[in-house]
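Q: Got a predicted structure plus its sequence, pasted below:
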Amino acid sequence: MRLTRLCKLMLAVLTLAAGLAVALGETSFSLAQYAEAVMRPMSPPGEVLWMIRAPRVAVAVLVGMALGMAGATMQGLLRNPLADPGVLGVSAVSGLGAAFAISAGLAVLPGAIELSALAGALIAGAIVVGVAARFREPEALILFGVALSAFGGALTALVFNLSRSPVATAEMLAWLMGSVENRDAMDALRALVPMALGAALCLRAGAGLRMLTLGEEAARMSGLPMARLRVYAVAGSALLTGAAVAASGVIGFVGLAAPHLVRSLVKDDPRRILWPSALAGALLVVLADLAARMIPTEQELKLGVVTALFGAPAFALLAWRASRSWRS
(Lines give C-alpha, C1' and ligand atoms only; values in the text may rest on other atoms or scores of the structure.)
Protein backbone atom coordinates (compact mmCIF):
# COMPACT_ATOMS: atom_id res chain seq x y z
CA MET A 1 0.00 0.00 0.00
CA ARG A 2 1.25 3.50 -0.82
CA LEU A 3 2.54 5.32 2.24
CA THR A 4 0.40 8.42 1.68
CA ARG A 5 -2.78 6.38 1.28
CA LEU A 6 -1.97 4.31 4.35
CA CYS A 7 -1.34 7.39 6.49
CA LYS A 8 -4.55 9.05 5.29
CA LEU A 9 -6.54 5.92 6.11
CA MET A 10 -4.99 5.61 9.55
CA LEU A 11 -5.50 9.32 10.21
CA ALA A 12 -9.19 8.93 9.36
CA VAL A 13 -9.52 5.98 11.76
CA LEU A 14 -7.64 7.92 14.45
CA THR A 15 -9.92 10.94 13.97
CA LEU A 16 -12.97 8.71 14.38
CA ALA A 17 -11.52 7.11 17.53
CA ALA A 18 -10.61 10.51 18.97
CA GLY A 19 -14.14 11.78 18.27
CA LEU A 20 -15.60 8.80 20.10
CA ALA A 21 -13.20 9.33 23.01
CA VAL A 22 -14.35 12.96 23.31
CA ALA A 23 -18.02 12.04 23.02
CA LEU A 24 -18.03 9.05 25.37
CA GLY A 25 -17.16 8.86 29.03
CA GLU A 26 -18.39 8.15 32.51
CA THR A 27 -20.93 10.97 32.18
CA SER A 28 -23.41 10.29 29.40
CA PHE A 29 -25.21 13.04 27.50
CA SER A 30 -28.41 13.23 25.50
CA LEU A 31 -28.47 14.42 21.90
CA ALA A 32 -29.77 17.78 23.09
CA GLN A 33 -26.81 18.12 25.46
CA TYR A 34 -24.35 17.23 22.68
CA ALA A 35 -25.96 19.90 20.52
CA GLU A 36 -25.69 22.38 23.41
CA ALA A 37 -21.99 21.52 23.81
CA VAL A 38 -21.39 22.29 20.13
CA MET A 39 -23.46 25.48 20.07
CA ARG A 40 -22.39 26.75 23.50
CA PRO A 41 -18.87 25.51 24.36
CA MET A 42 -19.02 27.20 27.79
CA SER A 43 -22.17 25.35 28.83
CA PRO A 44 -21.80 22.48 31.37
CA PRO A 45 -21.81 19.75 28.66
CA GLY A 46 -19.43 21.87 26.58
CA GLU A 47 -16.98 22.21 29.45
CA VAL A 48 -16.95 18.46 29.96
CA LEU A 49 -16.32 17.78 26.26
CA TRP A 50 -13.94 20.61 25.38
CA MET A 51 -12.20 21.44 28.66
CA ILE A 52 -11.84 17.95 30.17
CA ARG A 53 -12.13 15.21 27.54
CA ALA A 54 -10.66 16.94 24.47
CA PRO A 55 -7.31 17.89 26.10
CA ARG A 56 -7.09 14.40 27.56
CA VAL A 57 -7.55 12.87 24.12
CA ALA A 58 -5.03 15.30 22.61
CA VAL A 59 -2.38 14.26 25.14
CA ALA A 60 -3.22 10.59 24.49
CA VAL A 61 -2.69 11.14 20.75
CA LEU A 62 0.67 12.85 21.29
CA VAL A 63 1.89 10.20 23.74
CA GLY A 64 0.85 7.38 21.43
CA MET A 65 2.51 8.96 18.40
CA ALA A 66 5.72 9.51 20.35
CA LEU A 67 5.87 5.95 21.66
CA GLY A 68 4.92 4.44 18.29
CA MET A 69 7.61 6.32 16.38
CA ALA A 70 10.22 5.70 19.09
CA GLY A 71 9.42 1.98 19.02
CA ALA A 72 9.73 1.79 15.24
CA THR A 73 13.05 3.66 15.38
CA MET A 74 14.46 1.37 18.05
CA GLN A 75 13.38 -1.77 16.22
CA GLY A 76 15.02 -0.49 13.05
CA LEU A 77 18.21 0.61 14.77
CA LEU A 78 18.66 -2.56 16.81
CA ARG A 79 17.25 -4.80 14.06
CA ASN A 80 15.17 -6.49 16.73
CA PRO A 81 11.37 -6.78 16.43
CA LEU A 82 11.06 -7.09 20.22
CA ALA A 83 12.74 -3.76 20.98
CA ASP A 84 10.67 -0.94 22.44
CA PRO A 85 11.33 2.63 23.69
CA GLY A 86 12.09 1.39 27.20
CA VAL A 87 15.07 -0.64 26.00
CA LEU A 88 17.32 2.43 26.31
CA GLY A 89 16.53 2.92 29.99
CA VAL A 90 15.12 6.40 29.28
CA SER A 91 11.68 5.50 30.66
CA ALA A 92 13.12 4.29 33.95
CA VAL A 93 15.30 7.37 34.51
CA SER A 94 12.48 9.67 33.45
CA GLY A 95 10.22 7.97 35.98
CA LEU A 96 12.95 8.41 38.57
CA GLY A 97 12.98 12.15 37.90
CA ALA A 98 9.22 12.38 38.40
CA ALA A 99 9.30 10.25 41.56
CA PHE A 100 12.05 12.41 43.04
CA ALA A 101 10.08 15.59 42.30
CA ILE A 102 6.97 14.19 44.00
CA SER A 103 8.95 12.96 47.00
CA ALA A 104 10.62 16.37 47.33
CA GLY A 105 7.23 18.07 47.51
CA LEU A 106 7.52 19.81 44.12
CA ALA A 107 4.12 18.57 42.96
CA VAL A 108 2.55 21.82 44.17
CA LEU A 109 4.45 23.71 41.46
CA PRO A 110 2.71 23.61 38.03
CA GLY A 111 4.69 21.52 35.55
CA ALA A 112 7.42 20.57 38.06
CA ILE A 113 6.81 16.84 37.80
CA GLU A 114 6.75 16.93 34.00
CA LEU A 115 9.93 19.02 33.82
CA SER A 116 11.70 16.69 36.27
CA ALA A 117 10.66 13.65 34.22
CA LEU A 118 11.87 15.31 31.01
CA ALA A 119 15.16 16.29 32.69
CA GLY A 120 15.70 12.68 33.71
CA ALA A 121 15.00 11.56 30.16
CA LEU A 122 17.46 14.10 28.74
CA ILE A 123 20.20 12.96 31.14
CA ALA A 124 19.61 9.32 30.27
CA GLY A 125 19.41 10.17 26.57
CA ALA A 126 22.71 12.05 26.68
CA ILE A 127 24.39 9.05 28.31
CA VAL A 128 22.96 6.61 25.76
CA VAL A 129 23.87 8.91 22.86
CA GLY A 130 27.46 8.86 24.10
CA VAL A 131 27.41 5.07 24.17
CA ALA A 132 25.84 4.90 20.70
CA ALA A 133 28.53 7.17 19.29
CA ARG A 134 31.26 4.96 20.74
CA PHE A 135 29.89 1.47 20.02
CA ARG A 136 28.27 0.41 16.75
CA GLU A 137 27.14 -3.03 17.89
CA PRO A 138 23.41 -3.13 18.74
CA GLU A 139 24.08 -5.72 21.44
CA ALA A 140 26.22 -3.21 23.35
CA LEU A 141 23.46 -0.60 23.23
CA ILE A 142 20.84 -3.11 24.38
CA LEU A 143 22.95 -4.32 27.30
CA PHE A 144 23.77 -0.77 28.38
CA GLY A 145 20.09 0.17 28.13
CA VAL A 146 19.11 -2.80 30.29
CA ALA A 147 21.72 -1.80 32.88
CA LEU A 148 20.57 1.83 32.87
CA SER A 149 16.94 0.75 33.18
CA ALA A 150 17.76 -1.51 36.13
CA PHE A 151 19.73 1.26 37.82
CA GLY A 152 16.92 3.78 37.29
CA GLY A 153 14.39 1.29 38.65
CA ALA A 154 16.56 0.63 41.70
CA LEU A 155 16.89 4.35 42.45
CA THR A 156 13.13 4.78 42.04
CA ALA A 157 12.58 1.96 44.53
CA LEU A 158 15.00 3.74 46.88
CA VAL A 159 12.95 6.93 46.61
CA PHE A 160 9.86 4.91 47.52
CA ASN A 161 11.71 3.29 50.40
CA LEU A 162 12.88 6.60 51.86
CA SER A 163 9.61 8.46 51.33
CA ARG A 164 8.18 9.61 54.68
CA SER A 165 4.81 10.67 53.36
CA PRO A 166 2.15 8.05 52.54
CA VAL A 167 0.44 10.66 50.36
CA ALA A 168 3.60 11.26 48.33
CA THR A 169 4.16 7.50 48.01
CA ALA A 170 0.62 6.99 46.72
CA GLU A 171 1.05 9.89 44.30
CA MET A 172 4.33 8.47 43.00
CA LEU A 173 2.75 5.06 42.46
CA ALA A 174 -0.26 6.54 40.70
CA TRP A 175 1.94 8.64 38.42
CA LEU A 176 4.25 5.76 37.51
CA MET A 177 1.25 3.60 36.57
CA GLY A 178 0.54 6.02 33.74
CA SER A 179 -2.50 8.12 32.97
CA VAL A 180 -3.67 11.08 30.87
CA GLU A 181 -6.38 11.96 33.37
CA ASN A 182 -6.82 15.63 34.30
CA ARG A 183 -4.57 16.87 31.49
CA ASP A 184 -5.18 20.26 29.92
CA ALA A 185 -4.14 22.15 26.80
CA MET A 186 -0.93 23.39 28.44
CA ASP A 187 0.14 19.79 29.07
CA ALA A 188 -0.30 19.06 25.37
CA LEU A 189 1.67 22.17 24.38
CA ARG A 190 4.51 21.36 26.80
CA ALA A 191 4.81 17.88 25.32
CA LEU A 192 4.61 19.06 21.72
CA VAL A 193 7.98 20.85 21.50
CA PRO A 194 10.31 17.98 22.61
CA MET A 195 8.16 15.48 20.70
CA ALA A 196 8.46 17.50 17.49
CA LEU A 197 12.24 17.69 17.87
CA GLY A 198 12.47 13.96 18.63
CA ALA A 199 10.31 13.10 15.63
CA ALA A 200 12.48 15.26 13.35
CA LEU A 201 15.61 13.43 14.52
CA CYS A 202 14.03 10.00 14.01
CA LEU A 203 12.86 10.93 10.52
CA ARG A 204 16.32 12.28 9.74
CA ALA A 205 17.76 8.90 10.73
CA GLY A 206 15.36 7.02 8.44
CA ALA A 207 17.85 6.55 5.61
CA GLY A 208 20.33 4.97 7.99
CA LEU A 209 17.69 2.64 9.43
CA ARG A 210 16.85 1.44 5.93
CA MET A 211 20.53 0.86 5.09
CA LEU A 212 21.03 -1.17 8.28
CA THR A 213 18.66 -3.82 6.93
CA LEU A 214 21.38 -4.73 4.45
CA GLY A 215 23.90 -5.36 7.24
CA GLU A 216 26.65 -3.41 8.95
CA GLU A 217 29.14 -3.88 6.11
CA ALA A 218 26.77 -2.56 3.45
CA ALA A 219 25.77 0.33 5.68
CA ARG A 220 29.40 1.23 6.25
CA MET A 221 30.11 1.22 2.49
CA SER A 222 26.96 3.17 1.56
CA GLY A 223 28.59 6.58 1.98
CA LEU A 224 25.98 7.67 4.51
CA PRO A 225 27.16 9.20 7.82
CA MET A 226 26.02 6.13 9.76
CA ALA A 227 27.57 7.17 13.08
CA ARG A 228 25.71 10.47 12.97
CA LEU A 229 22.45 8.82 11.90
CA ARG A 230 22.72 6.36 14.79
CA VAL A 231 23.07 9.26 17.18
CA TYR A 232 20.03 10.93 15.59
CA ALA A 233 18.00 7.74 16.05
CA VAL A 234 18.98 7.31 19.70
CA ALA A 235 18.56 10.99 20.56
CA GLY A 236 15.20 11.18 18.78
CA SER A 237 13.89 8.06 20.49
CA ALA A 238 15.09 9.32 23.87
CA LEU A 239 13.37 12.69 23.37
CA LEU A 240 10.12 11.08 22.23
CA THR A 241 10.12 8.58 25.09
CA GLY A 242 11.04 11.16 27.71
CA ALA A 243 8.38 13.60 26.56
CA ALA A 244 5.79 10.81 26.57
CA VAL A 245 6.72 9.75 30.10
CA ALA A 246 6.69 13.38 31.23
CA ALA A 247 3.18 13.83 29.83
CA SER A 248 1.55 10.62 31.00
CA GLY A 249 3.80 8.53 33.22
CA VAL A 250 5.12 5.16 32.13
CA ILE A 251 2.98 3.55 29.39
CA GLY A 252 4.24 0.14 28.36
CA PHE A 253 3.91 -2.06 25.27
CA VAL A 254 2.61 0.69 22.90
CA GLY A 255 6.03 1.25 21.32
CA LEU A 256 6.47 -2.49 20.97
CA ALA A 257 3.09 -3.28 19.43
CA ALA A 258 2.44 -0.25 17.19
CA PRO A 259 5.11 -0.99 14.53
CA HIS A 260 3.91 -4.59 14.22
CA LEU A 261 0.38 -3.44 13.38
CA VAL A 262 1.60 -1.76 10.19
CA ARG A 263 4.84 -3.58 9.37
CA SER A 264 3.35 -5.83 6.70
CA LEU A 265 1.67 -2.85 5.00
CA VAL A 266 4.99 -1.07 4.34
CA LYS A 267 6.98 -4.18 3.38
CA ASP A 268 9.08 -4.04 6.55
CA ASP A 269 10.82 -0.82 5.47
CA PRO A 270 12.25 0.86 8.61
CA ARG A 271 12.03 4.30 7.02
CA ARG A 272 8.49 4.04 5.67
CA ILE A 273 7.17 2.55 8.90
CA LEU A 274 7.87 5.58 11.11
CA TRP A 275 4.74 7.67 10.42
CA PRO A 276 2.33 4.69 10.27
CA SER A 277 3.76 3.45 13.58
CA ALA A 278 3.19 6.88 15.12
CA LEU A 279 -0.45 6.87 14.00
CA ALA A 280 -0.92 3.27 15.15
CA GLY A 281 0.52 4.18 18.55
CA ALA A 282 -1.85 7.13 18.85
CA LEU A 283 -4.80 4.89 18.00
CA LEU A 284 -3.74 2.32 20.60
CA VAL A 285 -3.39 4.89 23.39
CA VAL A 286 -6.67 6.64 22.56
CA LEU A 287 -8.56 3.33 22.56
CA ALA A 288 -6.81 2.14 25.73
CA ASP A 289 -7.68 5.38 27.51
CA LEU A 290 -11.29 5.11 26.34
CA ALA A 291 -11.39 1.56 27.69
CA ALA A 292 -9.91 2.76 31.01
CA ARG A 293 -12.77 5.25 31.31
CA MET A 294 -15.56 2.97 30.11
CA ILE A 295 -14.75 -0.27 31.95
CA PRO A 296 -17.19 -0.31 34.89
CA THR A 297 -14.98 -0.18 37.99
CA GLU A 298 -15.32 1.76 41.24
CA GLN A 299 -12.04 3.53 40.54
CA GLU A 300 -10.91 4.42 37.04
CA LEU A 301 -8.23 2.11 35.72
CA LYS A 302 -4.83 3.57 34.98
CA LEU A 303 -3.84 3.80 31.34
CA GLY A 304 -0.59 1.91 31.95
CA VAL A 305 -2.55 -0.94 33.52
CA VAL A 306 -4.84 -1.25 30.50
CA THR A 307 -1.98 -1.21 27.99
CA ALA A 308 -0.12 -3.83 30.03
CA LEU A 309 -3.17 -6.09 30.27
CA PHE A 310 -3.54 -6.11 26.50
CA GLY A 311 0.14 -5.65 25.64
CA ALA A 312 1.61 -8.52 27.65
CA PRO A 313 -0.22 -11.23 25.65
CA ALA A 314 0.75 -9.41 22.44
CA PHE A 315 4.39 -9.38 23.54
CA ALA A 316 4.23 -13.12 24.29
CA LEU A 317 2.79 -13.76 20.81
CA LEU A 318 5.52 -11.67 19.16
CA ALA A 319 8.21 -13.49 21.15
CA TRP A 320 6.76 -16.85 20.13
CA ARG A 321 6.73 -15.88 16.46
CA ALA A 322 10.29 -14.54 16.71
CA SER A 323 11.49 -17.76 18.33
CA ARG A 324 9.98 -19.76 15.47
CA SER A 325 11.84 -17.65 12.92
CA TRP A 326 15.10 -18.03 14.90
CA ARG A 327 14.71 -21.83 14.94
CA SER A 328 14.16 -21.88 11.19
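A: Sure thing, it's come through.
Q: From here on, just use CA atoms for contacts and neighbour counts.
A: Will do.
Q: For Leu24, grab the count of nearby residues.
A: 16 (other C-alpha atoms under 10 Å).
Q: Could you check how far it is from Thr297?
A: For Leu24, the distance to Thr297 equals 16 Å [C-alpha to C-alpha, to the nearest Å].
Q: Ala282 too?
A: 24 Å.
Q: Please identify which of the two sits among more neighbours.
A: Neighbour totals were compared for Ala282 and Thr297, and Ala282 leads with 32 against 9 (other C-alpha under 10 Å).
Q: tell me the contacts of the more buried one?
A: Leu14, Ala60, Val61, Leu62, Val63, Gly64, Met65, Gly68 (C-alpha atoms under 8 Å, 6 or more residues apart in numbering).
Q: and those residues, which of them are in helices?
A: Leu14, Ala60, Val61, Leu62, Val63, Gly64, Met65, Gly68 (DSSP state H).
Q: Same list (those residues) but as TSV, adding neighbour count.
A: As requested, these are exported to TSV (neighbours: other C-alpha atoms under 10 Å):
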residue	neighbour count
Leu14	21
Ala60	32
Val61	25
Leu62	27
Val63	32
Gly64	27
Met65	31
Gly68	37
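Q: closest to Ser94 among the residues you listed?
A: Val63 (14.4 Å; C-alpha to C-alpha).
Q: Nearest spatial neighbour of that closest one, chain-adjacent residues omitted?
A: Ala244 (4.9 Å; C-alpha to C-alpha, 6 or more residues apart in numbering).
Q: That neighbour against Ala66, yeah?
A: Yes - Ala244 is within contact range of Ala66, at 6.4 Å (criterion: C-alpha atoms under 8 Å).
Q: ok now do Leu209, which residues does it touch?
A: Going by C-alpha under 8 Å, 6+ apart, the list of residues near Leu209 reads Thr73, Gly76, Leu77, Pro270, Arg271.
Q: likewise Gly242?
A: Gly242 touches Val90, Ser91, Ser94, Ala117, Leu118, Gly120, Ala121, Leu122, counting by C-alpha under 8 Å, 6+ apart.
Q: Ile295: how many residues sit nearby?
A: For Ile295, using other C-alpha under 10 Å, the count is 13.
Q: Most widely separated two among the contacts of Leu209?
A: Maximum distance among these (C-alpha to C-alpha): 10.6 Å, for Leu77 and Arg271.
Q: out of the two, which sits in the more crowded spot?
A: The residue with more neighbours, out of Leu77 and Arg271, is Leu77; 24 against 21, by other C-alpha under 10 Å.
Q: That one: what's it in contact with?
A: Going by C-alpha under 8 Å, 6+ apart, Leu77 touches Pro138, Leu209, Leu212, Arg230, Ala233.
Q: which stretch of helix or strand covers it?
A: Using DSSP states H and E, Leu77 sits within helix 54-78.
Q: can you tell me which of the contacts of Leu77 lies nearest to Ala312?
A: Closest to Ala312, out of all of these and judged by C-alpha to C-alpha, is Pro138, at 24.2 Å.
Q: Give me the pLDDT for the closest one.
A: Pro138 carries a pLDDT value of 74.
Q: Tell me how far it lies from Val87.
A: Taken as C-alpha to C-alpha, the span from Pro138 to Val87 is 11 Å.
Q: And those two? Which one has more around it.
A: Val87 (22 against 14).
Q: which intervals of the protein have sub-threshold pLDDT?
A: 1, 136, 214-223, 318-319, 321-328 (pLDDT under 70).
Q: got the contact list for stretch 302-314?
A: 174, 177-180, 250-254, 257, 285, 288-289, 291-292.
Q: repeat that for 6 Å
A: By C-alpha atoms under 6 Å, 6 or more residues apart in numbering, the residues outside stretch 302-314 that reach it are Met177, Gly178, Ser179, Ile251, Phe253, Asp289.
Q: Around the fifth one, how many other residues sit close by?
A: Just to be clear, that refers to Phe253. Neighbour tally, Phe253, other C-alpha under 10 Å: 25.
Q: Disregarding residues adjacent in the polypeptide, which is nearest to it?
A: Per C-alpha to C-alpha, 6+ apart, closest to Phe253 is Gly311, 5.2 Å.
Q: so which helix or strand takes in the one you found?
A: Going by DSSP H and E, Gly311 is in helix 303-327.
Q: What are the boundaries of the strands in the protein?
A: Ranges of strands in the chain, per DSSP state E: none exist.
Q: Could you pull up phi and psi at Asn80?
A: Backbone torsions for Asn80, taken as degrees, to the nearest 10, come to phi -140, psi 120.
Q: and the gap between the nearest residue to it once chain neighbours are set aside and Val59?
A: The shortest distance from Asn80 to any non-neighbouring residue, by C-alpha to C-alpha, 6+ apart, is to Met74 (8.0 Å). Per C-alpha to C-alpha, Met74 is found 22 Å from Val59.
Q: Many thanks, have a good one.
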